[in-house]
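Novice: please work out how this folds:
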Amino acid sequence: MADCARALMAGSGLETVDARALMAHVLGVNRAWLIAHGDDPLSPEAAARFDELAARRRAGEPVAYLVGEREFMGHRLQVSPDVLIPRPETELLVETALACVAGRAAPALLDLGTGSGAIAISLALARPDARVRATDLSAGALAVARANARRLDADVEFLHGDWLDALNPAQPAAIYDAIVANPPYIADGDRHLAEGDLRFEPRGALTDGADGLQALRAIAAGAGCWLKPGGWLWLEHGWDQAAAVRALLAGAGLSGVESRRDLAGIERISGGYL
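Specialist: So this is what the prediction gives:
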């Protein structure tokens, strides 16, 4: 008798949520269908494919890479090992930037180090009138981001380059209403880099290879000349970096510097305005 989905998931050695995600991906169905049809027999091909993915998950590969997508701000984004997997806590960065430009018509928004495009695409979809640009040094990441923008019909201009260096120096300065970034902020040698999903994610999107503040320093120091008067800079950072990032922002001449906490109560982002 052919295996059924319920039996394969139960014997996979995976957390239930992971097993369901992999099985739904293999069968091309949603969770509700899977629950209703869990006892239906599977084809040998589907069973073999599930077993393969389950083995890779047991070895530590992130579910998002195995199924090729992750939800962020209600949007299904394609992901690959070229990009950091979007995290729910980064939604605070998007929500805060949107609130800061809520009263501005056709705001100009910039996302630095866009990765999968999660932040920039979410901004563009929430504010169709905005002019959204996004930069990344990784050509592979930009390919993923562009594909996501096309699939979700998000109007984002993508630029290749390192943080603010991707911008055209011949363009007029002081053109952005808000600049946001979720740069690498884990210190080199942090034990978490060798644990869990982080082992499989692009190292350059996780750590600066130094103290975890290099990219944050560069962005804070250079963003001011690209902000309009009253324009905001918001940066995501590590759980213990809020005070250091506030000092960087204040040192760069920004006003109203503050940090905001995510749903876990962690100071997740810090920002200020010109």
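Novice: buried residues, the host helix or strand of Gly231. List them.
Specialist: Here Gly231, judged by DSSP states H and E, is contained in strand 227-236. Neighbour-count burial for strand 227-236, counted by 16 or more other CB atoms under 10 Å, picks out Leu227, Lys228, Gly231, Trp232, Leu233, Trp234, Leu235, Glu236. The way it works is simple: take the backbone N, C-alpha and C, and place the C-beta from them, glycine included.
Novice: now, the most widely separated pair of the residues you listed?
Specialist: Lys228 and Glu236 (21.8 Å; CB to CB).
Novice: can you tell me the SS state at Leu77?
Specialist: The three-state label for Leu77, taken from DSSP: H, G, I helix; E, B strand; the rest coil, comes out as strand.
Novice: and if you look at Ile219?
Specialist: Assignment for Ile219 (three-state DSSP): helix.
Novice: and it, what does it touch?
Specialist: Leu112, Trp163, Leu164, Ile179, Ala181, Pro183, Leu233, Leu235 (CB atoms under 8 Å, 6 or more residues apart in numbering).
Novice: tell me the centre residue of the protein?
Specialist: Nearest to the mean C-alpha position of the chain, by CA atoms, centre = their mean, lies Pro86 at 3.2 Å.
Novice: just to check, that one is in contact with Thr114?
Specialist: No. Shown here, Pro86 and Thr114 do not form a contact pair, counting by CB atoms under 8 Å, at 10.8 Å.
Novice: the strand holding Gly231 packs against which elements?
Specialist: Using 3 or more CB pairs under 8 Å, 6 or more residues apart in numbering; DSSP states H and E, the elements in contact with strand 227-236 are helix 91-100, strand 176-181, helix 214-223, helix 242-251, strand 267-273.
Novice: mind doing that once more with 6 Å?
Specialist: In terms of contacts (3 or more CB pairs under 6 Å, 6 or more residues apart in numbering; DSSP states H and E), strand 227-236 is packed against helix 91-100, strand 176-181, strand 267-273.
Novice: make TSV out of the ones you listed and add mean pLDDT, distance to Val17 and mean neighbour count.
Specialist: Output for the helices and strands packed on strand 227-236, formatted as TSV (pLDDT from 0 to 100; distance: least, CB to CB, whole Å; neighbours: other CB atoms under 10 Å):
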stretch	mean pLDDT	distance to Val17	mean neighbour count
helix 91-100	98	19	20
strand 176-181	98	29	26
strand 267-273	98	23	24
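Novice: Throw those into JSON lines and include distance to Thr135, thanks.
Specialist: Converted to JSON lines, those look like this (distance: least, CB to CB, whole Å):
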{"stretch": "helix 91-100", "distance to Thr135": "16"}
{"stretch": "strand 176-181", "distance to Thr135": "9"}
{"stretch": "strand 267-273", "distance to Thr135": "18"}
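Novice: follow-up on the earlier one: the buried residues of strand 227-236 into JSON lines, with extra columns for distance to Gly13 and pLDDT?
Specialist: Compiled in JSON lines, those are given as follows (distance: CB to CB, whole Å; pLDDT from 0 to 100):
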{"residue": "Leu227", "distance to Gly13": "51", "pLDDT": "96"}
{"residue": "Lys228", "distance to Gly13": "54", "pLDDT": "96"}
{"residue": "Gly231", "distance to Gly13": "51", "pLDDT": "98"}
{"residue": "Trp232", "distance to Gly13": "47", "pLDDT": "98"}
{"residue": "Leu233", "distance to Gly13": "45", "pLDDT": "98"}
{"residue": "Trp234", "distance to Gly13": "41", "pLDDT": "98"}
{"residue": "Leu235", "distance to Gly13": "39", "pLDDT": "98"}
{"residue": "Glu236", "distance to Gly13": "34", "pLDDT": "98"}
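Novice: no further queries at this time; thank you.
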